[in-house]
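Visitor: how would this look folded up:
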Amino acid sequence: MKKTVSESRIEQVYQVRPEHLNGAGRLFGGKLMEWIDELAGLVALRHAQKDVITASVDNLKFIRGAYQKDLIVLIGRVTYVGRTSMEIRVDTYIEDMKGIRKPINRAYLTLVAVDAEGNPVEVPGLLIETEAEKAEWEAGIRRREMRKQRKEEGF
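Guide: Okay, the predicted model is just below:
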């Protein structure tokens, strides 16, 4: 059975607090990475309805910094699925008091559904409903091939 992208889409909001800051007074990159990984895991869990593990993170690109009191909005969705794996795209924004969002990060993560012993298990397919979802699916195929190539090359 296939599921739609919207069925597992998640939006999460955080506020940057003093404990989230690095020595330069910006949001610590590791904290943002934690939030991204957590959100991707929830999206994958919602899609697969099984336990999931993070297999890889790629294209983690920091566009701009975030500071104390900034609202951070993360939006995650499934972009591509294989037999046991799912590619999750997480977009991160700063949202100002007027509700205007500016992108600060985009990441693609691969998560794998597993059983109680940690063995990979099949996941539902993805029902593509829009042209944007189709383009993302096709790009996901290319990213999957690049990940395979990097693995073969020892990356």
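
Visitor: what's the single longest helix in the protein?
Guide: helix 131-152 (DSSP state H).

Visitor: List the buried residues of the longest strand belonging to the chain.
Guide: Assignment by DSSP state E gives strand 101-114 as the longest strand of the chain. For strand 101-114, a neighbour-count test (16 or more other CB atoms under 10 Å) marks 104, 105, 106, 107, 108, 109, 110, 111, 112, 113, 114 as buried. To be clear about C-beta, it is placed using only N, CA and C from the backbone, and glycine gets the same treatment.

Visitor: gap between it and the chain center?
Guide: 2 Å (CA atoms, centre = their mean, to the nearest Å).

Visitor: Give the next helix or strand downstream of that strand.
Guide: Of the helices and strands lying after strand 101-114 in sequence (DSSP states H and E), the nearest is strand 125-127.

Visitor: ok so, going back, helices and strands around the longest strand of the chain, which ones?
Guide: helix 29-48, strand 51-62, strand 71-81, strand 85-95 (3 or more CB pairs under 8 Å, 6 or more residues apart in numbering; DSSP states H and E).

Visitor: Quickly run through the sheet partners of the least confident helix or strand in the chain by mean pLDDT, with directions.
Guide: Scoring the helices and strands of the chain by mean pLDDT, DSSP states H and E places strand 51-62 at the bottom, with a mean of 89. If you go by DSSP bridges, strand 51-62 pairs up with strand 101-114 (antiparallel).

Visitor: Done for today, thanks.
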